[in-house]
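Asker: got a predicted model here, sequence first, then my questions.
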Amino acid sequence: MIDYFKNVWTWFYTILVGMKITLRHLFAKKVTIQYPNERYPIPPIARNRLQLDPDRCNGCLQCSRICPVQCITVETMKVVPDDPEQPKMFDGTPRKIWVPRYDIDFAKCCFCGLCTTVCPTEAIKHTTDFEYSSYTREGLIYHFSAMSPEKVEEKKKMLAEWTAKQKAAKAQQEKQAQASNEVN
């Protein structure tokens, strides 16, 4: 009979201990936030989505070379010296390379930050934006080029013409040098 009352007391005591813990947490400050409506502040040094400033990019390809997962694709082409639209870099120096394509595949990116540390012009940086889900993998490929496809074709054509002129001039000089060597 005494065991019966001991068991009842133990049962009652454990319920009181559990209720004490429950009541203590019931009136405590809430630690859970309602996520879509409320957000914790993101530190400014967080490594989230990458952002490129195309005006600062000099097309050195260091970011794509150092990327361990090869998620950065950069295409460059030389600026023709007699180009009327020869752009300037952010510091005022003339640009020597066009960057017609700069893509980052965020499905592959491991957010290591190597591309941001190696960039000499600080054109690529991490942002605090971390929500960019997509239904397709193609939706995770971001295109940062500032050039339209028409402008890219125009510049490629201009570069091909300039290269042909340079080759013709070089061939002309070689002929003249060869002719002068034969005369001597």
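Answerer: Alright, I've got the coordinates.

Asker: check this structure and tell me which residue is nearest its centre.
Answerer: Nearest residue to the geometric centre of the chain (CA atoms, centre = their mean): Leu50, 3.2 Å.

Asker: tell me the bridge partners for that one.
Answerer: On the basis of DSSP bridges, Leu50 is bridged to His126.

Asker: quick one: residues contacting it.
Answerer: Listed by CB atoms under 8 Å, 6 or more residues apart in numbering, the contact set of Leu50 reads 104, 106, 109, 111, 115-116, 124-127. Every residue, glycine included, has its C-beta placed from N, CA and C.

Asker: CSV please, covering those residues and showing pLDDT and distance to Thr93.
Answerer: Output for the contacts of Leu50, formatted as CSV (pLDDT from 0 to 100; distance: CB to CB, whole Å):
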residue, pLDDT, distance to Thr93
Ile104, 95, 26
Phe106, 93, 31
Cys109, 93, 30
Phe111, 92, 31
Cys115, 94, 22
Thr116, 94, 22
Ile124, 95, 19
Lys125, 94, 21
His126, 92, 26
Thr127, 90, 27
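
Asker: restricted to buried residues, select those in ChimeraX.
Answerer: With 16 or more other CB atoms under 10 Å as the criterion, this ChimeraX line picks the buried residues out of the contacts of Leu50:
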select :104,106,109,111,115,116,124,126
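
Asker: inside strands: which ones of the contacts of Leu50?
Answerer: 104, 124-126 (DSSP state E).

Asker: looking at those residues, which is nearest Pro54?
Answerer: Lowest distance from Pro54 to these (CB to CB) belongs to Ile124, with 10.3 Å.

Asker: I figured that closest one hits Arg49, correct?
Answerer: No: taking contacts as CB atoms under 8 Å, Ile124 lies outside contact range of Arg49: 11.0 Å.

Asker: so what are the domain limits for this protein?
Answerer: By the assignment in automatic domain parsing, the chain contains the domains 1-31, 50-160.

Asker: just name the most buried of those domains.
Answerer: With neighbours defined as mean count of other CB atoms under 10 Å, the domains of the chain peak in mean count at domain 50-160, which reaches a mean of 15.

Asker: what is the end-to-end distance of that domain?
Answerer: Using CA to CA, to the nearest Å, the end-to-end distance of domain 50-160 comes to 33 Å.

Asker: quick revisit: would you format the domains of the chain as CSV with distance to Pro41 included?
Answerer: CSV is the format used below for the domains of the chain (distance: least, CB to CB, whole Å):
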stretch, distance to Pro41
domain 1-31, 15
domain 50-160, 9
